[in-house]
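S.K.: turn this into a model:
(chains A, B and C)
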Amino acid sequence: MALGATFFGFGSHNAKTEGWRKLYTLSFFICLIASALYLATALGQGQSIVYGRPTVWVRYITWSLSTPLLLLIFAFLGRTSLPLTGSLLGSNAFMIATGLVATLSPKPINYIWYVVSSAAYLAVIYLLLVPFKHEAERNRPRTQTAFNRLITIHLMLWTAYPIVWILAPTGIDAIGQDFETMFYTILDVASKVGFGFLSLNTYSKIERIGAVAEDLESTAPIVPFSATG
Amino acid sequence: MALGATFFGFGSHNAKTEGWRKLYTLSFFICLIASALYLATALGQGQSIVYGRPTVWVRYITWSLSTPLLLLIFAFLGRTSLPLTGSLLGSNAFMIATGLVATLSPKPINYIWYVVSSAAYLAVIYLLLVPFKHEAERNRPRTQTAFNRLITIHLMLWTAYPIVWILAPTGIDAIGQDFETMFYTILDVASKVGFGFLSLNTYSKIERIGAVAEDLESTAPIVPFSATG
Amino acid sequence: MALGATFFGFGSHNAKTEGWRKLYTLSFFICLIASALYLATALGQGQSIVYGRPTVWVRYITWSLSTPLLLLIFAFLGRTSLPLTGSLLGSNAFMIATGLVATLSPKPINYIWYVVSSAAYLAVIYLLLVPFKHEAERNRPRTQTAFNRLITIHLMLWTAYPIVWILAPTGIDAIGQDFETMFYTILDVASKVGFGFLSLNTYSKIERIGAVAEDLESTAPIVPFSATG
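M.R.: Coordinates of the predicted model:
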């Protein structure tokens, strides 16, 4: 994570355009926040026994800070409108907050909050798959494949989180706490460092396609002009 | 509350213009946050005994999230400038934060914080009645009556909150905890669902008046043109 | 602090231009937040014994709210770009958050977090001294001296905070808790009320130089025009 943060930090510093700088800066802070989480966990901090379950509540604090930045990367890449960006951030905040409440609630109340939090996640999925994709395709023509890949990978990673939650001691306790920690760590590295690189890759594709599109447009008027000549 | 949220949610989804979408989205999240509060209260969560008083502190957490959205509705309807919007949000946050401190403080210190919080509320009243109204009338001409009604109803509802606070066990304990909960619930429904509908109504008035104003302006140049013809 | 808040509050109310109103409003809220901190401290609230040390944790809550406003003053004065403003606010939030964790951690773990927090502060210093200064000089020509003074005084004041922290009971305990409180109070007054006045002074200089620059530019085209005449 710290390595990822360092990489994105230097990238931000040397970014050529304002767009690249925004993207690198967002990825940098996502990895920085996650690094602080892992430092705290390594020092044995940020966890307590809640209703007989060992609970790493600090995870939810760092998620509440890093997931909005992840969604801002989406909003930046897709040039998302203000109401949609707000809805994405709001649904996401609602999902994390009710997820934390689920984690801190005694059974069986925690399952009620788990359902509420999952419903908020379904709203995030819907917002990304329908209105976000629609706006992105309108604002960034010819980039459909790049966005499809970005959204698919993102949703696959995020969907694993509630599955780990329900299998872990927070839920039905089918896997132990060690596997819970391991799975969350793998998911965090993939969805933060991995996703950071994927978004850089997507943006460079968007820029290239955008440049080609502009070239086509700027060469287009030459044809009728020479035809009249 | 959940019904209100559902209504505004669908409204947001089917909104024709960006303006309507913003308004519906804000109302949706206001009702969604309040629904989470009532779910928590129904499950017996978010309350503790603080200095011998039963204290529903979760109310302040949800208010701190929903009241800025309410003020953003004002800012959107009145096309409020950035410094004024910031001042409104800042005073409101200060009011809620010191109100929470008042609720969590032992007597008689809680009265000091109550006075501080009430002073912040007076600042909100002043900001809405004088600079906000002034800006709204300049930015949205011919809508004075609509704004007067909106501000009057809003201030009547919000003023009831500190009155309930001082009469409830948090203050001089003239009414019991059951009445406290009942009054807060009625006020919440009125100031969230009710106010949501009122703001939709106000916006449709503003749009209609705006359209008339634009029609008048677009027909105006015809007169001198035909006069010269 | 309350006096400072009152002064900036009236200033904001009577501000002639939107720029001045923003500046006064920011200073007003910085002093207002600090006043609430000192009221809480005076009432003996916001402190607990953590790992045998008396800890005024409420300081970190108010700092986390007032320091971003201070940095927004910088961003406003220097017309800072969005990625840089975000980086400044992000590094600052990371610094305060890890500083709070340091204060609430047992020894020797607290020194690890102190180093992390200090590293974030070094990032803030770097961002102000290099990219911020660079952008400010490009956006506000001929104001180099004013910005140099502003940044120097700001960094001198802020650098004193981690020094007090390490000398106080939170660190190696070379000075007692009374001196800790005294130093923090002096620093707060200087870096909030004092800095507020300094920023007003800087802005009036920027405006005066800007006006002169515009005068020079508007008189410049006259020369070639009269030369061709």
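S.K.: and the most centrally placed residue in chain A, helix, strand or coil?
M.R.: By CA atoms, centre = their mean, chain A has its centre lying nearest to A:Leu70, at 3.5 Å. With DSSP: H, G, I helix; E, B strand; the rest coil as the basis, A:Leu70 sits in helix.
S.K.: that one touches A:Cys31, doesn't it?
M.R.: No: at 11.0 Å, A:Leu70 does not count as touching A:Cys31 under the criterion of CB atoms under 8 Å. All C-beta spots, glycine's among them, are computed from the backbone N, C-alpha and C.
S.K.: quick one: common contacting residues for these two?
M.R.: Taking CB atoms under 8 Å, 6 or more residues apart in numbering or on different chains as the contact rule, A:Leu70 and A:Cys31 both touch A:Lys192.
S.K.: ok, now how distant is the residue nearest to the centre of chain A from A:Tyr24?
M.R.: 14 Å (CB to CB, to the nearest Å).
S.K.: report pLDDT for A:Thr41.
M.R.: With respect to pLDDT, A:Thr41 scores 83.
S.K.: burial count for the residue nearest to it when sequence neighbours are not counted?
M.R.: With CB to CB, 6 or more residues apart in numbering or on different chains as the criterion, A:Thr41 has its nearest non-adjacent residue at 6.7 Å, and that residue is A:Val56. The tally of other residues near A:Val56 (other CB atoms under 10 Å in any protein chain shown) stands at 19.
S.K.: next: A:Trp57.
M.R.: Here the count is done by other CB under 10 Å, and A:Trp57 has 13 residues near it.
S.K.: next one: it from A:Gly171, what distance?
M.R.: In this view, A:Trp57 and A:Gly171 are 16 Å apart by CB to CB.
S.K.: and what of A:Lys107?
M.R.: 9 Å.
S.K.: now the helix or strand containing A:Lys133, how far from the centre of its chain.
M.R.: A:Lys133 belongs to helix A:133-139 when elements are defined using DSSP states H and E. Here the centre of helix A:133-139 is set off from its chain's centre by 18 Å, with CA atoms, centre = their mean, to the nearest Å.
S.K.: next SSE downstream of it?
M.R.: Using DSSP H and E, the first helix or strand after helix A:133-139 is helix A:144-167.
S.K.: in CSV, list the C-alpha atoms belonging to that next one.
M.R.: What follows is helix A:144-167, C-alpha atoms only, in CSV (Å, rounded to 0.1, in the frame of the first residue of the first chain):
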residue,chain,number,x,y,z
GLN,A,144,-17.6,2.1,-24.2
THR,A,145,-15.3,-1.0,-23.9
ALA,A,146,-12.9,0.8,-21.5
PHE,A,147,-15.7,1.8,-19.2
ASN,A,148,-17.3,-1.6,-19.4
ARG,A,149,-14.1,-3.2,-18.2
LEU,A,150,-13.6,-0.6,-15.4
ILE,A,151,-17.1,-1.0,-14.0
THR,A,152,-17.1,-4.8,-14.3
ILE,A,153,-13.8,-5.2,-12.4
HIS,A,154,-14.9,-2.6,-9.8
LEU,A,155,-18.2,-4.3,-9.1
MET,A,156,-16.6,-7.8,-8.9
LEU,A,157,-14.2,-6.5,-6.3
TRP,A,158,-16.8,-4.6,-4.3
THR,A,159,-19.3,-7.4,-4.3
ALA,A,160,-16.8,-9.6,-2.6
TYR,A,161,-16.8,-7.4,0.5
PRO,A,162,-20.4,-8.1,1.7
ILE,A,163,-19.8,-11.8,0.9
VAL,A,164,-16.7,-11.8,3.2
TRP,A,165,-18.7,-9.9,5.8
ILE,A,166,-21.6,-12.5,6.0
LEU,A,167,-19.1,-15.4,6.0
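S.K.: the bottom helix or strand of chain A by mean pLDDT?
M.R.: helix A:222-228 (a mean of 40; mean pLDDT, DSSP states H and E).
S.K.: just to revisit the earlier point, with neighbour numbers in mind, choose between A:Lys107 and A:Gly171.
M.R.: A:Gly171 (21 against 12).
S.K.: tell me the contacts of the closest residue to that one other than its chain neighbours?
M.R.: Leaving aside its sequence neighbours, A:Gly171 sits nearest to A:Trp165 (CB to CB, 6+ apart; 5.7 Å). Neighbour list for A:Trp165: A:Gly99, A:Ala102, A:Thr103, A:Tyr114, A:Gly171 [criterion: CB under 8 Å, 6+ apart].
S.K.: now do A:Ile125
M.R.: Contacts of A:Ile125 by CB under 8 Å, 6+ apart are A:Leu155.
S.K.: the strand or helix carrying it: which residues count as buried?
M.R.: Secondary structure from DSSP H and E places A:Ile125 in helix A:109-127. The neighbour-count check on helix A:109-127 (16 or more other CB atoms under 10 Å in any protein chain shown) flags A:109-110, A:112-114, A:116-118, A:120-121, A:123-125, A:127 as buried.
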